[in-house]
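Peer 1: This is the structure alone, sequence omitted:
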């Protein structure tokens, strides 16, 4: 095995039990488990750590295209932690918890990650990053722990679930609940028809009008729009409906300005160098919202991810055209200092 | 009762039985009934008739805001026929037909309307018009009977169900089918949860990103986006799920260029003065598609309906800002000659 291969081989999934863990709602999360994978080693100064926060229906494994030898994020230089959010099916979630699973918020995973970093001896995060829901967690980390992170990359994301985003999610939830088997709970017979409908409705929002109208779907291997829709339906059969709904509610209720006097004070409190990178064609994490939020950043900026792929533009591993924009952004974010 | 009131009072719903009616698919539609309302009288020359084709979930009554004393469409000058499409719940539809209802196409209603016009003694249509699905029928009429119509107004419509439009409809259909009670058929216990989900998913597409993001929903009486979504869910409980699916399939399969060598020859064969009026923010009958189709028109043009209301911009009776643009367009379309 070459060094290159060694540095990108899949490390074991690790599990961390945050001590005496209470959710921000005040409710306990008994037996809370935060699962993650670590790529690369923490340096003696404890300042080369990068956290990649998982996105909706993604796991710790989903970010593989974002790092590797010679990339901006390189396990030979960085200690990369790919973390699974609560409710996502890998860390504590309805599907792997016997008891009734409480509602969780963006801040819950973030607080558990903070404990994990302390446990590992991380002094200061080099970067908190993520796509979509992962970007929301990254921003929450930077607001909550302003002195503990140097840079933030929020790709196709936002600091709140804006109105259009809410409407999108409400439609998804309705489609899933139309299947009466949703009531079977996370351990009963799954609502397969509802999951399929959920994925099909999702497909209409995940990309852009241009993606469908100009046939870009063919580049991604789809024959026609109906095949995109059917494929998204099938893909969602793999997920636990109650994990999906728990994570969806976390996303739907996200407002990092809540109890902080609003988005302006919350976002302007971020001291980390921050890049918001909205896709120019995103239908729910919209360019409009990112522009409004970018104006509140003191040490941040907006860089457009120019793409016809809609929200999917920022999803790791879709097309080189988008990956190169993400890579270039990560490079400049990490260029200011040179850890190790 | 004043003359003005008399001219806008609701006339009786009339029913026409097209003789020996076969669908374009070749299948019979036994007992076919075309229901319509007539406002105003046909003149002796038989050339002052206007047909308003119904839209999805709309009926003959939905177009009331488009005509009246002093408006471009005026029952004192025009004989206005507001016609219900097959499958829409008023004319022959699954809900009012005991036998299994066959799939219908845009052309089926149009062909039945042609028979009705002959029956009534109409020599030449002054105008064929409609919003959305109604515009599709108007265009089909003008392609199919080029010498029999002077003007066409297709508002937030298209000559085919384009890719993005397909994806939208596939999501709706999936949400409805997630309710197992859909299988009860058109005369069984209705799939209320599925109908509610159908309406909720619809709400996310019917308006625009701007509509939700900038709070325009308040102007329409909604408190927040969740209320828009819930309201659309409730509204769809009134509809028969199988009428909805029959009409949806008619819309989903619409391609007026099929078996005519494509959209270009089909649309360029229209001799009627034609206006395509897409909403600038429509998410499924897109500006892009209307622009492409307008280039094929010989005697037609595109006029933008400038609005943040998305597809709903052209729906009769929503806001004066949009109604005035529709009215102005109808006025110029009807200005060329002066029937009576």
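Peer 2: Sure thing, it's come through. Remember, it's a predicted structure, so these values are computed and weren't measured experimentally.
Peer 1: for the stretch 201-340 of chain A, what spans make up the strands?
Peer 2: A:273-277, A:300-302 (DSSP state E, counting those that start in this stretch).
Peer 1: who's in contact with the nearest residue to residue A:159 once chain neighbours are set aside?
Peer 2: Leaving aside its sequence neighbours, residue A:159 sits nearest to residue A:256 (C-beta to C-beta, 6 or more residues apart in numbering or on different chains; 4.3 Å). For glycine as for every other residue, the C-beta is placed from the backbone atoms N, C-alpha and C. Each residue near residue A:256 by C-beta atoms under 8 Å, 6 or more residues apart in numbering or on different chains is listed here: A:106, A:136, A:139, A:140, A:143, A:159, A:160, A:263, A:266, A:267.
Peer 1: By neighbour count, which of these wins?
Peer 2: When neighbours are counted by other C-beta atoms under 10 Å in any protein chain shown, residue A:139 leads these with 33 neighbours.
Peer 1: okay, the angle between the strand or helix carrying that one and strand A:273-277?
Peer 2: Secondary structure from DSSP states H and E places residue A:139 in helix A:133-144. If you take axes from the mean of the first three to the mean of the last three C-alpha atoms, to 10 degrees, helix A:133-144 sits at 150 degrees to strand A:273-277.
Peer 1: pLDDT value on the residue nearest to residue A:159, please?
Peer 2: Note on residue A:256: pLDDT of 98.
Peer 1: Quick check on it: phi, psi?
Peer 2: Phi and psi for residue A:256, reported as degrees, to the nearest 10, are phi -70, psi -10.
Peer 1: now swap in residue A:113 and tell me
Peer 2: Reported as degrees, to the nearest 10, the phi and psi values for residue A:113 are phi -60, psi -40.
Peer 1: For the nearest residue to it once chain neighbours are set aside, the count of nearby residues, please.
Peer 2: Distances taken as C-beta to C-beta, 6+ apart put residue A:83 closest to residue A:113, at 5.6 Å, once the chain neighbours are dropped. Using other C-beta under 10 Å, residue A:83 is surrounded by 29 other residues.
Peer 1: got a list of what residue A:83 touches?
Peer 2: So residue A:83 contacts A:34, A:35, A:36, A:51, A:52, A:53, A:54, A:60, A:91, A:109, A:113, A:116 (C-beta under 8 Å, 6+ apart).
Peer 1: can you check residue A:47 too?
Peer 2: Taking C-beta under 8 Å, 6+ apart as the test, what residue A:47 contacts is A:122, A:123, A:124, A:126, A:339.
Peer 1: which SS state does it fall under?
Peer 2: Secondary structure assignment for residue A:47 (DSSP: H, G, I helix; E, B strand; the rest coil): coil.
Peer 1: ok, the closest residue to residue A:318 other than its chain neighbours - how many residues close by?
Peer 2: Nearest residue to residue A:318 in three dimensions, chain neighbours excluded: residue A:312, at 5.9 Å (C-beta to C-beta, 6+ apart). By other C-beta under 10 Å, the residues close to residue A:312 number 24.
Peer 1: what's the answer for the one 4 residues further on, then?
Peer 2: Burial of residue A:316 is recorded as 20 neighbouring residues (other C-beta under 10 Å).
Peer 1: among the strands of the stretch 201-340 of chain A, which is the most enclosed?
Peer 2: Among these, strand A:273-277 has the highest mean neighbour count (mean count of other C-beta atoms under 10 Å in any protein chain shown), at a mean of 24.
Peer 1: hmm, who's touching it?
Peer 2: Taking contacts as C-beta under 8 Å, 6+ apart, the residues outside strand A:273-277 that touch it are A:135, A:139, A:142, A:150-157, A:290, A:293-294, A:297, A:299-305, A:314, A:325-326, A:329, A:333, A:336.
Peer 1: now do stretch A:199-211
Peer 2: Residues outside stretch A:199-211 that contact it (C-beta under 8 Å, 6+ apart) are A:168, A:171-172, A:175, A:216-217, A:228-237, A:281-284, A:308-312, B:164, B:167-168, B:170-171, B:174-175, B:201, B:204-205, B:283, B:286, B:288.
Peer 1: Report the distance from that stretch to the chain centre.
Peer 2: 18 Å (C-alpha atoms, centre = their mean, to the nearest Å).
Peer 1: average model confidence for that stretch?
Peer 2: Regarding stretch A:199-211, the rounded mean pLDDT is 98.
Peer 1: Spell out which parts of the stretch 101-250 of chain A neighbour chain B.
Peer 2: Residues of the stretch 101-250 of chain A lying close to chain B by C-beta under 8 Å from any C-beta of the partner chain are A:162-164, A:166-168, A:170-171, A:174-180, A:191, A:193-194, A:196-197, A:200-201, A:203-205, A:209-210, A:212-213, A:215, A:224-226, A:228-229, A:233.
Peer 1: how many other residues sit next to the closest residue to residue A:185 other than its chain neighbours?
Peer 2: Distances taken as C-beta to C-beta, 6+ apart place residue A:242 nearest to residue A:185, at 6.7 Å, with adjacent residues excluded. By the measure other C-beta under 10 Å, the count of residues near residue A:242 is 24.
Peer 1: partners of the residue nearest to residue A:113 in the sheet?
Peer 2: residue A:36, residue A:53 (DSSP bridges).
Peer 1: ok, back up a step: hmm, which of the contacts of strand A:273-277 are the buried ones?
Peer 2: Neighbour counting with 16 or more other C-beta atoms under 10 Å in any protein chain shown marks A:135, A:139, A:142, A:150-157, A:290, A:293-294, A:297, A:300, A:302-303, A:305, A:314, A:325-326, A:329, A:333 as buried within these.
Peer 1: Tell me if I'm right that residue A:299 and residue A:268 touch.
Peer 2: No: with contact defined as C-beta atoms under 8 Å, residue A:299 does not reach residue A:268; the gap is 9.4 Å.
Peer 1: residue contacts, the residue most central in space within chain A?
Peer 2: Centroid check for chain A by C-alpha atoms, centre = their mean gives residue A:134 as the closest residue, at 2.0 Å. Listed by C-beta under 8 Å, 6+ apart, the contact partners of residue A:134 are A:52, A:53, A:54, A:55, A:58, A:85, A:155, A:157.
Peer 1: so where does the fifth one fall, helix or strand?
Peer 2: Assigned by DSSP H and E, residue A:58 belongs to neither a helix nor a strand.
Peer 1: Next up, the contacts around it.
Peer 2: A:88, A:131, A:134.
Peer 1: Which one of those is nearest to chain B?
Peer 2: Among those, residue A:131 lies closest to chain B (C-beta to the nearest C-beta), at 20.0 Å.
Peer 1: Surely residue A:129 is in a helix?
Peer 2: No: according to three-state DSSP, residue A:129 belongs to no helix; its state is strand.
Peer 1: now the helices for the stretch 1-150 of chain A?
Peer 2: With DSSP state H, counting those that start in this stretch, the ranges of helices along the stretch 1-150 of chain A come out as A:3-8, A:106-120, A:133-144.
Peer 1: Might one say that residue A:49 is in contact with residue A:38?
Peer 2: No: judged on C-beta under 8 Å, residue A:49 makes no contact with residue A:38 at a distance of 9.2 Å.
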